[in-house]
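Engineer: Got a predicted structure here, sequence first:
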Amino acid sequence: MSLYRDEGIVLRTQKLGEADRIVTVLTRRTGKLRAAAKGVRKTKSRFGARLEPFTHVDLQLYERRSLDLITQAETLRPYGEPLVADYPRYTAGMAMLETTDKLTEEREPSLRQFLLLVGALRTLVERDHDSRLVLDAFLLRSLSVAGWAPAIDECCRCGERGQLRGFAIAAGGAVCARCRQPGAATPAPPTFALMLALLRGDWEYADGTEQRHRVECSGLVAAYLQWHLEHGIRSLRHVERGAEERGRSDDDSDDTSDDNSDRETV
């Protein structure tokens, strides 16, 4: 048994006893780990908000037979603070944390996934891009890190480039007209281009895409992810609900603008 240090992103917490918590963290060197935080739920806890989801922390832990014990926690960056006030970005961030938790195994180092999560949270906070685009880019790249990257610019069955006519989730991604089977989705060509741009980090192209192609892309990415995980990502429901509410709000705003225009013309 010994002390060790590592930095990580808090993915989730759960209650333990009357005052403690189990904290799940994706760390830079150790991988995902679950550790106990003593007395963290007390109002006078020295850890305070340092062990809440989204927080990038530097940890000192005491190795034990079961759950390791967190003995020190220093905040490196509190990503949660700017996200909680922005519902679309908060729900996108929650979907990132949940996906990371599902894609990683305990005590298996995954530096690429750690760096990907840190970069995605930083991008969400900086607000340079639409939150759903950031989430879809993160999901596509996480799938790639896990070895499940979908075929986007070539047929996943025969390897033909161009003339892609469908997206078959179970087959592994894009399919050409010859390989397309009944039940495969039929995305628009700009949707394929958007997925490829998000996977490659081409934000100039992604930021200029139309909303209908973004919606189609999000649906395909979410379905592909959850098919490979073999269960749903609960946080995605809140992301989709928020998108629907924003869409209704935009429609109402457009209707109001039309009414005002009519009155001014009259």
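Structural biologist: Everything's here; your move.

Engineer: For the chain, which residue occupies the most central location?
Structural biologist: Central residue of the chain (CA atoms, centre = their mean): Met96, 2.5 Å from the mean position.

Engineer: Please list all residues in contact with Asp86.
Structural biologist: Neighbouring residues of Asp86 by CB atoms under 8 Å, 6 or more residues apart in numbering: Ser131. Heads up, the C-betas are built off the backbone N, CA and C, glycines and all.

Engineer: and it, how far is that from Leu3?
Structural biologist: Counting by CB to CB, to the nearest Å, the gap from Asp86 to Leu3 is 38 Å.

Engineer: Over to Cys156?
Structural biologist: Cys156 is 48 Å from Leu3, where distance means CB to CB.

Engineer: cool, Arg107 as well?
Structural biologist: Going from Arg107 to Leu3 by CB to CB gives 17 Å.

Engineer: repeat for Ala120
Structural biologist: 31 Å.

Engineer: which of these two has more neighbours?
Structural biologist: When Ala120 and Leu3 are compared for neighbours, Ala120 comes out ahead with 22 against 12, by other CB atoms under 10 Å.

Engineer: nearest residue to the more buried one other than its sequence neighbours?
Structural biologist: In this structure, Ala120 finds its nearest non-sequential neighbour in Phe138, 4.2 Å apart by CB to CB, 6 or more residues apart in numbering.

Engineer: And what about that neighbour, helix, strand or coil?
Structural biologist: helix (DSSP: H, G, I helix; E, B strand; the rest coil).

Engineer: From what I see, it and Leu116 are in contact.
Structural biologist: Yes - with contact defined as CB atoms under 8 Å, Phe138 reaches Leu116; the gap is 6.7 Å.

Engineer: With neighbour numbers in mind, choose between those two.
Structural biologist: Shown here are Phe138 and Leu116; by other CB under 10 Å, Phe138 has more neighbours (25 against 19).

Engineer: pLDDT wise, what is that one at?
Structural biologist: In this prediction, Phe138 carries a pLDDT score of 98.

Engineer: ok, now which ones touch it?
Structural biologist: Phe138 sits in contact with 96, 99, 116-117, 120, where contact means CB under 8 Å, 6+ apart.

Engineer: where along this structure do the strands fall?
Structural biologist: Taking DSSP state E, the strands of the chain run over residues 3-16, 20-27, 32-37, 55-62, 68-78, 164-168, 173-176.

Engineer: Columns distance to Leu133 and mean pLDDT on top of the ones you listed, output as a markdown table?
Structural biologist: A markdown table is the format used below for the strands of the chain (distance: least, CB to CB, whole Å; pLDDT from 0 to 100):
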| stretch | distance to Leu133 | mean pLDDT |
| --- | --- | --- |
| strand 3-16 | 21 | 96 |
| strand 20-27 | 23 | 96 |
| strand 32-37 | 26 | 96 |
| strand 55-62 | 22 | 97 |
| strand 68-78 | 22 | 95 |
| strand 164-168 | 18 | 95 |
| strand 173-176 | 19 | 96 |
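
Engineer: Out of these, indicate the one that is most buried.
Structural biologist: For the strands of the chain, the largest average neighbour count (mean count of other CB atoms under 10 Å) is found in strand 173-176, namely a mean of 24.

Engineer: Please state the offset of that strand from the chain centre?
Structural biologist: On the basis of CA atoms, centre = their mean, to the nearest Å, strand 173-176 sits 24 Å off its chain's mean C-alpha point.
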